[in-house]
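[1] Could you work out the structure for the sequence below:
(2 chains)
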Amino acid sequence: MAITKLAFIVRSLPYKTEASRLALTHAIASQTVEIYLEDGDNVEPVLCFIGDGVLNCLKSQQAGKYYGITSLEQHVKNSLLLDLKVMICKEDVDRFGIKEDHLVMDAEDIGGDTKAQLVPYSEIQKVMEEVNHLQFF
Amino acid sequence: MGKLTIGCFSSLVGSLSLDFGVKLAEAAVKKGHEVDFWVSSNATMLSKKGQKAFKDYSHLAKTLTELFATGKFKAVACEACAEARGYHKDDTMEGWGRRSMDWYLASAFSADRVLLIGGD
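    Alright, predicted model coming up:
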């Protein structure tokens, strides 16, 4: 019986490449990983948005309207709905002049209880040191 | 000997990141390690059969065939990423698997090292 911690560190801009979407979809895929594992074994993903990656967490994205695809905002919400740990770097949010109420901090509107955490980079660094495997997107 | 899980997102043509991933896998297998090789996004192009060798482009099909023959190398493509690009099951090179993203996470669960080679 073991848990493997996986960090998905998102540094990429939304929509410019597929990278941030892949981070979110791979992290969300943790919900069904048990079908491949022994009873009691699992993976524990944590999603951290740093640098330009914090822009993936902006509210009111219009990807459906302009690109006809799901928005990264919706994927962040889905992550919270599935109780994934979501951390957003406060210094980078401040650097862009973004206010907390412009970020996806919860998924209450779709029935989620878990909230995103707006944290100093030092806390994200701590997570990166704790996990078993670190992946940058 | 250990187990290495490599995830790749870059396309076969247009970047040499996928070459690096396959060559790293080859080096690890030669040293006796096991390698799980996961491709999603544009890297699913690597799983397409019928690739022809041209001097100007990467050609990894031969290396992959040799790696599959070792029994120490597994390669799996993200099914949704492949289908979205029009690569269907019938288009897939022999030896490849097609799964959803949870396969990659399950592989990472038991890997000694995970290396993610990002995309374009």
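
[2] rest of the way, CA atoms for contacts and neighbours
    Will do.

[3] Against chain B, how distant is the residue nearest to residue A:93 when sequence neighbours are not counted?
    Computed as Cα to Cα, 6 or more residues apart in numbering or on different chains, the closest residue to residue A:93 that is not its neighbour in sequence is residue A:54, at 6.5 Å. Going from residue A:54 to chain B by Cα to the nearest Cα, to the nearest Å gives 18 Å.

[4] OK, contacts around residue A:54?
    A:10, A:11, A:13, A:88, A:89, A:92, A:93 (Cα atoms under 8 Å, 6 or more residues apart in numbering or on different chains).

[5] does the residue nearest to the spatial centre of chain A sit in a helix, a strand or a coil?
    Among the residues of chain A, the one closest to the centroid is residue A:47, at 3.7 Å (Cα atoms, centre = their mean). Of the three states, residue A:47 takes strand according to DSSP: H, G, I helix; E, B strand; the rest coil.

[6] which residues sit against the helix or strand encompassing residue B:114?
    Assessed by DSSP states H and E, residue B:114 sits inside strand B:113-117. Strand B:113-117 is contacted from outside by A:133-136, B:3-10, B:17-18, B:21, B:108, using Cα under 8 Å, 6+ apart.

[7] doesn't residue B:104 fall inside a helix?
    Yes - assessed with three-state DSSP, residue B:104 lies in a helix.

[8] Quickly note the distance from it to chain A.
    From residue B:104 to chain A the distance is 8 Å (Cα to the nearest Cα).

[9] separation between residue B:12 and residue A:23?
    20 Å (Cα to Cα, to the nearest Å).

[10] Could you give the bridge partners of residue B:76?
    residue B:38, residue B:97 (DSSP bridges).

[11] which ones are touching it?
    Residue B:76 touches B:36, B:37, B:38, B:39, B:96, B:97, B:98, B:99, counting by Cα under 8 Å, 6+ apart.

[12] which residues of chain B score low on pLDDT?
    Filtered on pLDDT under 70, chain B yields the residue ranges B:119-120.

[13] How about the residues of it by chain A?
    B:41, B:100-103, B:105-106, B:108-109, B:113-116, B:118-120 (Cα under 8 Å from any Cα of the partner chain).

[14] how about residue 54, secondary structure?
    With no chain named, the answer covers chain A. helix.

[15] So residue 69: helix, strand or coil?
    Here I'm looking at chain A. coil.

[16] Could you pull up the residues touching the nearest residue to it once chain neighbours are set aside?
    Distance criterion Cα to Cα, 6+ apart; nearest residue to residue A:69, sequence neighbours excluded, is residue A:63 at 5.7 Å. Counting by Cα under 8 Å, 6+ apart, residue A:63 makes contact with A:69, A:70, A:71.

[17] interface residues of chain A facing chain B?
    Proximity of chain A to chain B (Cα under 8 Å from any Cα) is limited to residues A:3-4, A:17-19, A:22, A:25-26, A:29-34, A:36-37, A:42-43, A:133-137.

[18] where does residue A:58 land on pLDDT?
    On pLDDT, residue A:58 comes in at 98.

[19] Which residue is the nearest non-sequential neighbour of it?
    Nearest to residue A:58 is residue A:103, by Cα to Cα, 6+ apart, at 4.6 Å.

[20] who touches the one you found in this structure?
    Contact analysis of residue A:103 by Cα under 8 Å, 6+ apart lists A:57, A:58, A:59.
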